[in-house]
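**Student:** Here is a sequence together with a model predicted from it:
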Amino acid sequence: MTAAPPGLVGASLLFWGWQTGNWFVAAALALGLEGARRLRVRFDLGATEHARIADLCTILFVASAALLAVNRGIAQGVLAAFQWIPVALAPILAAQLLSASGRVPLSALFRHLRKLKRHDPATRDPLIDASAVYVAVALIAAGVANRQGSGYYAGIVLATAWGLWAARPRHSRPSAWLALLAVATGAGYAGHAGLEQAQAAIENWVSEWYLSGFVGDPYRSTTDIGSIGQLKLQDTIVLRVFAAADDAKRPKLLHRASYNTYVDTTWLARGAPMLPVEGEAAGLSWRLSPAAAESSVPIAARIERGRLLLALPATTVRITGLGARALKRNALGAVHAEIAGDWIQYEAESAENAELSVAPGAEELAVPPAERATFVAAATELGLQGLSFDAARRRIEAHFQSFAYATWRDRAPPAGTTPLGEFMHASRAGHCEYFAAATTLLLRAAGIPARYATGFAVMEYSALEKAWVVRARHAHAWSRAWDGNRWIDIDTTPPTWFEAEAQLAPLWQKATDLARWAAFRWSQRGEVQASDAWYVVLALLLVILAWRMLRGRRTTGAASAMPPERAWQGTDSEFYAVERSLATQGWPRPDGAPLTAWLESIAAQLPGEQLPAIREALRMHQRYRFDPRGLTREDRLRLRALCAAIVAALQPRKRAYRA
Amino acid sequence: MRRALYAALRVVSAFDHWLRERLTSGGWLVLGAGGAAAAAGIDVHRTLTAQAFTFLAALLLVAFAGTLRFRARVKVRRELPRYATAGERFIYRITLTNGGAAAIDGATLREDFRDPRPSYAEWRAAREPGEERRNWFDRNVGYFRWRWLIEQRVPKTEGEIAVPTTGPGASVTLGMGFTPRHRGRIELTGVRLGRADALGLARGLVRLELPAHVIALPRRYRLPPLALPGRRKFQPGGVSLAASVGDSEEFFALRDYRPGDPLQRLHWKSFARTGKPIVKEFQDEFYERHALVLDTGRTRAADAAFEEAVSIAASFVYTLDTQECLLDLLFVSGDGAQSAAVRTYTGGRGQLHPANLLEVLAGVAPTAPGDFADLARAVMARRGSLSSLVVVLLDWDAARRAFVAAARASGLQVRALLVCSPAQAPRDPAGGLTVLHPGEIERGLAGLQ
């Protein structure tokens, strides 16, 4: 298998450290692994030792993945574990670099191969170089950290280019190599940009896969007004409101965001930037209004992608128990939290006369030109001009009572008609967004400031959970009108909407609810943590394991490309020094020539006085080398002395020869 | 459903072959890393590895595009021996001549073999060794059986052989080699010249049609020195085509007495000198004639036991000294549309050479188990001319037991060998039956007398 060039393992680990923020670990690993290449100490590790080290790495990785999955949920946990995979696999590479063979048996990495080898020892088990695979793993793990920016792409390109350059074919011209790499770099960049757009498009279509809508956008609410077909409804539980079943004071509408501008079926929040809220009590308490709290309700909310537009009663003054990294709010009452985890719990404290949002401005009276004719005519028809707020409100509510609730729409509005215009005049049926938008614009046409509000309706009590559960399909829209002092919620959607949507729930909802409840309870357990003492014990165990594995296996010399050769008898014979000495003086032994034949061929040129000694040394050398009985101690010493004398005698001749 | 599975295996196999031909080791690494990056980056909001995936995928695409430029005009000549042996390395030479205007640099050479994918019927009927130990899913999907069948049909090659830089008009001779995994005919369709692209990830290919074939003879085992028992039997009409057929009883040699030798042939002087009966041997039509009977009855397609049985038969053919005797090889064979029939091939004394008999054995295929009755009848019909019988059996059912008993009853010396897995071994093997298990054949044969 391909080997990574020197330095690339260290560089890719540093890149991993930069992306994941684990600088210290990355530097230590890079130093250790690159240093191991240069060390002369080697250990005679066999297939069993390599297999044990690989098994240990697997156990470490699986254990850490399980721990992370328990603490952060399966998806987050597995990703986090992948982020640490270069650390988990480092012992395998270290063992390779420190082993005498400089390779790892393939069976060390695959238990199945080990099983095959047990059944049939002839099974092929090649020695491989795992360094290039390790580099690839480190580069991929760096991407799991999700550090935004162009650094990751640049790093991937550079590291890959380094590896490819080192292994490029002999016939490859640098210009052609560079041109191909440049094209691939450009195409790869365009590819991932396109991939991101494609995913965004898919998410829009397939919201079943992804609860992206639940994250919430405080600036924009794209409605389904005018959409053809069945309204998408999901049963996933997104909120739990802990109030008694008969609690009349429980919040019935949880507000998330309000919008003041209607543009072509989309509601926007103009002139309402998100501003940070300062936390109290070590970031667990967030005050939204100076008023004193009169009541509170605990709420649990599901988190998607670490951020959430909080669902709160409109009269919330303070949020407690919320361990958010940051909290922001806007003037229209939207509160946005950045927070980790699957589910969060917080308590919303409310006061009767408090209000999350500010008094109305000019936007809250604007009716878009496309809708103006419809709603001014409707306001005139209903005689809303000049009526008191309460009277106007009652008349509008009465007007919409004759409308029907529908989640299905079979045709587009006729040309020249807006979806809301068709709703008001022709279809007189739609889902909550129609009612909320139409009520808001009708109020504005009557001169009453109004906003379009979104959030959730709290309507379903779960005896199993002893809490009010809010599903994704309980997302609701309504209108908020200014009565001169405060904002009043006006919900003109027929109350049958809840029943109508509940009927669309699947038959297995109860079973899935049970699973959802179990998952929720699981997510609320405490985090499993290891104390420092445990880390010390773990480190100690690893050191003991390494010592037990490497003890007595130390050899010296650099790694060879081939497995270590068998130790032949007599390879330490001093006669080789004689051979080298003769070779340096112009009589090298040809490849494959036997020592005797070679000596005889150069005998005529050798100094005559040395020839008998050389021949005797050769005879003793042959005995030492090939006779199973070897040499006696005296003969061994004699061979040593003879060879030393010959080498010494040849030296002056060399000097004389050179002189 | 099975047809769909078969079609899927064919497609996957073809794609795998396509990749193996074209990707270098670096290319495999990029492909694997790209796959891992794609799996980890399925949600572009959670990780950035989709960026690595698109870059690596682009690298591979660009590399493949880069291979399209590779062209080579070469002539190839293969010097191929006729026979190989299953399980043993087979070496030969290929001479490559560059007929183009540019030098060939950085290229590699490899043999192309005939498409090894089994037919639907072969795939259904075959059982890989140890398949019964596989789980339900593997047994029913049959992927491992598919892989085993393909491995059996393609020799173990030595990978890409590097071609030294070859200038225009120059020739280079390369030593090639492969190890047949299985007996039979190995079809070579041509050679494939490949060269990696500039990035070193993908290989451009030039194929040269050069059909040829090699017969891989069956694997053989060492047999202990065997003196085939038997009596000399009169061969009516002599041995047709034999080099020295005649009525003359010309003195030929002296040899040890064997039961059945007429007393008139005793060489009394030698008897007296040596103290043991010595007979005069005459060139005549009194020969020892032995039969080697191979049982090919198998409900399943070729399995390990069947292959071992063929190897044992090959070992007998190769080892027995047939200079002074005849050896009839009998088995049932049905080739394709032909109905199964008993085939007889005779070796020794100027008839077929052992190599010819081995070639015959290289092509033996399983037949229906019921055909053994025909084989038994054919053997018994010629019992008059036979001295002894070596029977290699695959089963020990009533028909085979009766056959062995009948042969013994007729005065033939029978050496019966049963090849079966340990689980199928008979509990009370009759006397004279040697039971051999696949994987332990050599050890079992060593005990033969």
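**Tutor:** Received the coordinates, thanks.

**Student:** residue contacts, residue 13?
**Tutor:** No chain specified, so I'll use chain A. A:26, A:29, A:30, A:33, A:86, A:138 (CB atoms under 8 Å, 6 or more residues apart in numbering or on different chains). From N, CA and C alone the C-beta is placed, and that goes for glycine too.

**Student:** actually chain B
**Tutor:** B:117, B:146, B:150.

**Student:** Can you add secondary structure, pLDDT and neighbour count and give these back as TSV?
**Tutor:** As requested, the contacts of residue B:13 are arranged in TSV below (DSSP: H, G, I helix; E, B strand; the rest coil; pLDDT from 0 to 100; neighbours: other CB atoms under 10 Å in any protein chain shown):
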residue	secondary structure	pLDDT	neighbour count
B:117	coil	90	17
B:146	helix	91	21
B:150	helix	88	17
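
**Student:** Out of those residues, which is nearest to chain A?
**Tutor:** Comparing the contacts of residue B:13 against chain A with CB to the nearest CB picks out residue B:150 as the nearest, at 16.5 Å.

**Student:** tally of neighbours for the nearest residue to that closest one once chain neighbours are set aside?
**Tutor:** Nearest residue to residue B:150, sequence neighbours excluded (CB to CB, 6 or more residues apart in numbering or on different chains): residue B:116, at 4.8 Å. Counted with other CB atoms under 10 Å in any protein chain shown, the neighbours of residue B:116 add up to 15.

**Student:** got the residues of the stretch 1-150 of chain A near chain B?
**Tutor:** A:1-2, A:75, A:79, A:82, A:132-133, A:136-137, A:139-140, A:143-148 (CB under 8 Å from any CB of the partner chain).

**Student:** how about 6 Å then?
**Tutor:** A:2, A:132, A:136, A:140, A:143, A:144, A:146 (CB under 6 Å from any CB of the partner chain).

**Student:** give me every residue that touches the fourth one.
**Tutor:** Residue A:140 makes contact with B:36, B:37, B:40, B:49, according to CB atoms under 6 Å, 6 or more residues apart in numbering or on different chains.

**Student:** at 8 Å instead, please
**Tutor:** A:82, B:33, B:36, B:37, B:40, B:49, B:52.

**Student:** Just confirm it is within a helix.
**Tutor:** Yes - counting by DSSP: H, G, I helix; E, B strand; the rest coil, residue A:140 is part of a helix.

**Student:** Nearest residue to residue 293 in space, please, no chain neighbours.
**Tutor:** As the question left the chain open, I've gone with chain A. In space, and not counting its chain neighbours, residue A:293 is closest to residue A:349: 3.5 Å by CB to CB, 6+ apart.

**Student:** actually chain B
**Tutor:** Per CB to CB, 6+ apart, closest to residue B:293 is residue B:391, 4.5 Å.

**Student:** Let's verify the one you found: helix, strand, or coil?
**Tutor:** strand.

**Student:** wait, doesn't residue B:395 sit right on residue B:295?
**Tutor:** Yes - taking CB atoms under 8 Å as the definition, residue B:395 is a contact partner of residue B:295 at 7.1 Å.

**Student:** Give the next helix or strand downstream of the host helix or strand of residue A:143.
**Tutor:** Element membership of residue A:143 [criterion: DSSP states H and E] is helix A:131-144. As assigned by DSSP H and E, the chain's next helix or strand after helix A:131-144 is helix A:151-166.

**Student:** Could I get the average pLDDT for stretch A:469-482?
**Tutor:** Mean per-residue pLDDT for stretch A:469-482: 88.

**Student:** Do me a favour and get the end-to-end distance for that stretch?
**Tutor:** With CA to CA, to the nearest Å as the measure, stretch A:469-482 spans 30 Å from end to end.

**Student:** domains of the chain?
**Tutor:** Looking at chain A here, since you left the chain open. Split into domains by automatic domain parsing, chain A comes to A:8-167+A:550-556, A:171-205, A:212-504, A:575-658.

**Student:** my bad, the chain I had in mind was chain B
**Tutor:** Taking automatic domain parsing as the domain assignment, the ranges for chain B are B:2-40+B:49-116+B:154-217, B:248-283, B:289-446.

**Student:** Please identify which of those is closest to residue A:59.
**Tutor:** Comparison of the domains of chain B against residue A:59 by CB to CB identifies domain B:2-40+B:49-116+B:154-217 as nearest, at 21.1 Å.

**Student:** Could you give the separation between the terminal residues of that closest one?
**Tutor:** Start-to-end, domain B:2-40+B:49-116+B:154-217 (CA to CA) is 34 Å.

**Student:** average model confidence for the longest strand along chain B?
**Tutor:** If you go by DSSP state E, chain B has its longest strand at strand B:203-217. Average pLDDT, strand B:203-217: 90.

**Student:** orientation of the helix or strand where residue A:92 lies relative to helix A:131-144 in degrees?
**Tutor:** Element membership for residue A:92, per DSSP H and E: helix A:85-98. Per axes from the mean of the first three to the mean of the last three CA atoms, to 10 degrees, the angle that helix A:85-98 makes with helix A:131-144 is 160 degrees.

**Student:** Quick one: distance of helix A:85-98 to the chain centre.
**Tutor:** Between the centre of helix A:85-98 and the centre of its host chain there is 22 Å, according to CA atoms, centre = their mean, to the nearest Å.

**Student:** Which other helices and strands does the following helix or strand past it contact?
**Tutor:** Next helix or strand after helix A:85-98 toward the C-terminus (DSSP H and E): strand A:104-105. Under the contact definition 3 or more CB pairs under 8 Å, 6 or more residues apart in numbering or on different chains; DSSP states H and E, strand A:104-105 sits against helix A:47-72, helix A:85-98, strand A:127-128.

**Student:** what stretches of the stretch 251-400 of chain B score poorly on pLDDT?
**Tutor:** Scanning the stretch 251-400 of chain B for pLDDT under 70 picks out B:251, B:282-287, B:299-302, B:320-324, B:335-339, B:349-350.

**Student:** if you go through it in chain order, where are the helices?
**Tutor:** Assigned by DSSP state H, counting those that start in this stretch, the stretch 251-400 of chain B shows helices spanning B:268-274, B:304-319, B:354-362, B:372-381, B:398-409.

**Student:** Equivalent analysis for the stretch 251-400 of chain A, please.
**Tutor:** A:369-382, A:389-401.

**Student:** so which of those comes closest to residue B:57?
**Tutor:** With CB to CB as the criterion, residue B:57 lies closest to helix A:369-382 of these, at 45.9 Å.

**Student:** mind checking how far the spatially most central residue of chain B is from residue B:91?
**Tutor:** For chain B, the residue nearest the mean C-alpha position is residue B:183 (1.1 Å; CA atoms, centre = their mean). As judged by CB to CB, to the nearest Å, residue B:183 and residue B:91 stand 18 Å apart.

**Student:** what about the residue nearest to residue B:194 when sequence neighbours are not counted, how many residues close to it?
**Tutor:** In space, and not counting its chain neighbours, residue B:194 is closest to residue B:203: 4.2 Å by CB to CB, 6+ apart. Residues near residue B:203, counting by other CB under 10 Å, number 26.
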